[in-house]
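Asker: Pasting a predicted model and its sequence here:
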Amino acid sequence: MSDRITLTGLRVHGRHGVYEFERAGQDFVIDAELELDLAPAAASDDVTDTVHYGELAGRLAEIVAGEPVNLIETLADRLVTACLADPRVAAATITVHKPQAPIPREFADVSVTLRRTRS
């Protein structure tokens, strides 16, 4: 599938992490890429024929701001599963960035990326 909807840099405050002090909250940055056939939306010019990226951002933000998990791997799995809940989505790639991860060295970013396809 060559058609894609990409949402990058969605910043959401969440309470995920292994350590108790991380559960006080920190920002997570989410990138999502959905692979789907966009021809129906292009032909109809109707938002109901595509994945509404504003609604997608809202669903992903609810997950990040919701129930805490220890690992960003688990968070990424929840997010990619939410993307695949729409039957039009053939594949989804999610990257969860944790720029405030408790790493005792200077770093720019740490992230986990998952790609899942509809089976």
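Answerer: Yep, that arrived.

Asker: all helices of the chain, in order?
Answerer: All helices of the chain, identified by DSSP state H, fall at 39-44, 53-65, 72-84.

Asker: Look at Asp77 and report its pLDDT.
Answerer: Note for Asp77: predicted pLDDT of 98.

Asker: got the contact list for it?
Answerer: The contact partners of Asp77, by CB atoms under 8 Å, 6 or more residues apart in numbering, come to Leu114. Where you see a C-beta, it was placed from the backbone N, CA and C, and this is true even at glycine.

Asker: Repeat the analysis, applying 10 Å as the threshold.
Answerer: Residues near Asp77 by CB atoms under 10 Å, 6 or more residues apart in numbering: 69, 71, 94, 96, 112, 114, 116.

Asker: Just the buried ones from those?
Answerer: 69, 94, 96, 112, 114, 116 (16 or more other CB atoms under 10 Å).

Asker: Highest mean neighbour count out of the helices of the chain?
Answerer: Stretch with highest mean neighbour count among these: helix 72-84 (a mean of 19; mean count of other CB atoms under 10 Å).
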